[in-house]
Each structure stands twice: as structure tokens, then as C-alpha cells.
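J.: any chance you could fold what I've pasted below:
(one chain, ligands or ions: 1)
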Amino acid sequence: MTKRVVLIGHPVAHSLSGAMQQAAFDHLGIDALYELWDRPPAKLPEAIAELRSDDFLGANITIPHKERVVPLVDRQTEEAHTTGAINTLTRDGRKLVGHNTDVAGFKVALDRMVGRQKMPRHAVVLGAGGGARAVVYGLIREGFQRVVVFNRHLHRGEQMVKHFGRSAAHMDLRAMPWHESIIEAELSKTKILVNATSIGLMDDTSPIPAEILTPDLMVLDLIYKQTRLLREAASSGCTTADGELMLLHQGAAAFTLWTGQPAPVDAMHEALTAARADGVTSVEGEPGAVQAAGA
Ligand code: NDP
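T.: All right, here's what the predicted structure looks like:
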């Protein structure tokens with residue numbers, strides 16, 4: 001019987017994850033179908049309950065449900081619990097387990113960007129949504145000593161810092177008000193800048209002015225395209241990376257959780273590139289999805 005895996009979001013009209021995961025199933029000859037379920041928040045509990053049946057290998061969860069799904073699962077991994085966000089579900093009998101594979105995806109992207117250089121210990125993170133939670137947790141686990149979060153709505157940044165509480169007790173994790181002069185002062189003390197806001201996703205804007213980017217910065221934008229921030233950072237002499245590797249590797253980790261098999265990463269990468277060339281955007285990259293998430 002064909003097994004089912006679903007992506008639950010609102011909306012989910014097109015999806016790079018769909019192309020990438022179906023290619024992985026097909027490549028390994030696994031009889032499974034990756035479906036897109038558009039469910040508004042009110043319908044989420046019903047959709048999650050459906051996943052308990054034997055038909056399903058599991059699910060991906062995306063905007064705007066990553067945090068909302070937490071109380072609907074039976075168990076969570078340490079990553080999901082600590083970040084307070086779930087992007088992957090697996091089934092253990094009729095019980096549902098919540099995972100956060102964005103953390104693993106971010107680690108691959110960070111390691112690749114830093115390359116052979118010594119891993120820095122200070123970072124600036126722009127944003128405080130679901131993506132930023134995975135980033136901040138990834139930095140905590142990597143042994144960063146100071147991470148400063150800037151978010152448009154300061155209280156959301158502060159809430160996130162509070163949420164990490166004990167896991168960040170040994171280091172300096174703080175939220176600061178979004179003022180250019182404060183961001184500039186922090187950037188002068190750091191080597192890593194991560195954009196985890198959706199600024200630059202829908203239009204060609206950058207979260208910060210090019211003048212405050214210094215050549216020794218490494219700039220990672222979670223958005224899966226050459227954003228204005230990345231172009232300006234490259235012109236300023238910075239090392240840059242976009243969100244492709246994070247998207248690919250969060251997907252690869254989810255695939256392994258569902259199937260117990262190593263993910264065919266090359267086939268997934270190829271499908272991702274082809275879907276993107278066809279104009280498919282990531283679910284997180286849909287205008288409606290971002291608005292629905294209240295961004
Ligand atoms: P959320 O909706 O949870 O968070 C959106 C974030 O962007 C918030 O911090 C929000 O600030 C900020 N923001 C949005 N619009 C503006 C604006 N006009 N000015 C200032 N701040 C703004 O989304 P996610 O965290 O899930 O996703 C954020 C980005 O990261 C998206 O672009 C998504 O595509 C990308 N992403 C990529 C992944 C990958 O695998 N490559 C994985 C996850 C995310 P506020 O709280 O003040 O509203």
C-alpha cells in the first residue's frame with residue numbers, strides 16, 4: 001500500500017519540499033506519496049489527528065503551524081522541546097513524535113559557510129520567528145558565547161531569549177531593540193550575521209544598510225535566493241551563503257526519520273534545483289504564507 005507523507009501549512013500551493021521529497025522516495029523506489037495539505041489554524045488539530053493512522057509515515061509542518069503543533073503531539077525530541085517549534089512529525093504506533101530538523105539543516109549551512117576557519121563565538125541574529133529559534137539553538141549547541149537577537153517587535157525577541165532560559169544560562173544570549181546604530185555596534189564585535197527574518201523574500205529589500213557590513217563578516221540568509229542583503233554583503237567583501245543547504249538538509253534529516261534510510265541528498269538537490277528553475281518557491285517563500293504567519 002502506498003504510504004503517505006504530508007506537508008501541512010497555510011497556504012501550501014507549491015512547494016520545493018514536495019519536489020525534493022518525492023524525488024527522494026522515487027529515487028530509492030519507496031512506494032510513498034508526498035502530499036500538500038493546506039489547513040488553516042482552526043483545522044490543524046483535525047489534520048494532526050488524521051496522521052495517527054497506519055497510512056502515514058509522517059509529516060512536515062510549516063508556516064504558520066510550527067509552534068502551534070507543539071501541544072498536539074505525544075512526544076518531542078530535545079531539539080523540538082528546546083526550540084519550541086516542530087517542523088517534522090513521525091509516528092510511533094498511534095503516537096506522534098515532534099522533531100525539529102531545521103536545527104540540523106542550519107548546522108550544515110553554518111559549517112559550510114565557516115569552512116576551514118575557526119568557528120567564531122559571537123553572532124548577530126535578525127528575527128525571532130520559527131526559523132530564528134532553530135538558528136539560535138544551533139548557535140547555543142555550537143558553543144557560541146554571545147548571541148544578540150534583533151527583532152522588529154522586541155517583545156518577541158525577548159520571549160525567545162526567555163524560552164531558551166536554562167539552555168543558554170552559560171552564555172550571553174540577549175534581545176536588543178532594532179536600531180541601526182545598535183546593530184552596527186554589535187556587528188563590529190561579531191563575525192557571523194544570520195538573517196532569519198523574511199525581509200528580502202518578497203521584494204528586493206535588505207534588513208540593514210550596506211554601509212554597516214564589514215568585509216570580515218560571514219553572512220547567512222535563510223531565504224533561499226540571492227537576496228539584496230547577500231548581494232550587498234558580497235560587494236562589501238563578506239563571505240555569504242543562502243538558505244539552500246538548510247532547506248536541503250532539514251529535508252534530508254526528515255526523510256531519514258520517516259524511512260530509516262540515508263537520504264539520497266544528490267537526487268534531492270537536483271530536484272530542488274529543477275523545481276526552483278521552474279519557478280516553484282519554498283512554502284516559506286510564498287507571499288501568502290508569510291502574511292498568514294503575521295510577518
Ligand atoms: P516567521 O513568520 O516565524 O518569522 C518572521 C520573522 O521575520 C519575524 O522575526 C518577523 O518579525 C520578521 N519580519 C517579517 N517582516 C518584517 C518586516 N517587514 N520588518 C522587520 N521584520 C520583519 O517565519 P520563519 O521564522 O519561519 O521564517 C523566516 C524566514 O526564514 C523566511 O524567509 C523563511 O523563508 C526562512 N526560512 C528558511 C528555512 C530554510 O530551510 N532555508 C527554514 C526556516 C525559515 P516580527 O516578529 O517583528 O514580526
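J.: tell me the confidence at the residue of the chain found nearest the ligand?
T.: Of all residues in the chain, the one sitting closest to the ligand is G129 (2.1 Å; Cβ to the nearest ligand atom). No exception for glycine: its C-beta is placed from N, CA and C like everyone else's. On pLDDT, G129 comes in at 91.
J.: quick one, phi/psi of it?
T.: Phi and psi for G129, reported as degrees, to the nearest 10, are phi -90, psi -160.
J.: report how many residues lie close to it.
T.: Close neighbours of G129, defined as other Cβ atoms under 10 Å, add up to 24.
J.: mind checking pLDDT for the closest residue to T62 other than its chain neighbours?
T.: Once flanking residues are discounted, T62 sits nearest to G9: 3.8 Å by Cβ to Cβ, 6 or more residues apart in numbering. Per-residue confidence (pLDDT) for G9: 93.
J.: related to what we said a few turns ago, the residue of the chain closest to the ligand contacts L201, doesn't it?
T.: No: G129 is beyond contact range of L201, at 11.9 Å (criterion: Cβ atoms under 8 Å).
J.: picking up where we left off before, the residue nearest to T62 pairs with what?
T.: Note on G9: beta-bridge partners by DSSP bridges are D38.
J.: okay, strands next: where are they in this structure?
T.: Remark: strands assigned in the chain by DSSP state E are 3-9, 32-38, 56-61, 75-76, 88-92, 95-99, 122-126, 146-151, 172-177, 192-195, 218-221, 239-241.
J.: hmm, who's touching the lengthiest helix in the chain?
T.: In the chain, taking DSSP state H as the definition, the longest helix is helix 244-259. Residues from elsewhere that reach helix 244-259 (Cβ atoms under 8 Å, 6 or more residues apart in numbering): 5, 16-17, 20-21, 24, 28, 30, 32, 57-58, 60, 87-88, 90, 99, 101-102, 104-109, 112, 222, 224, 261-263, 265, 268-269, 272, 282.
J.: ok, 7 Å please
T.: Contacts with helix 244-259, where a contact means Cβ atoms under 7 Å, 6 or more residues apart in numbering, come from 5, 16-17, 20-21, 24, 30, 57-58, 60, 87-88, 90, 99, 101-102, 104-106, 108-109, 112, 222, 224, 262-263, 265, 268-269, 272, 282.
J.: hmm, back to that, quickly list what's touching both of G129 and L201.
T.: Counting by Cβ under 7 Å, 6+ apart, no residue touches both G129 and L201.
J.: so where is this protein shaky, pLDDT-wise?
T.: 13-14, 281-295 (pLDDT under 70).
J.: how about the residues of it near the ligand?
T.: Applying Cβ under 6 Å from any ligand atom, we find that the chain lies next to the ligand at 63, 102, 105, 127-132, 151-153, 156, 196-199, 201, 222-224, 243, 246-247, 250, 282, 284-285, 293, 295.
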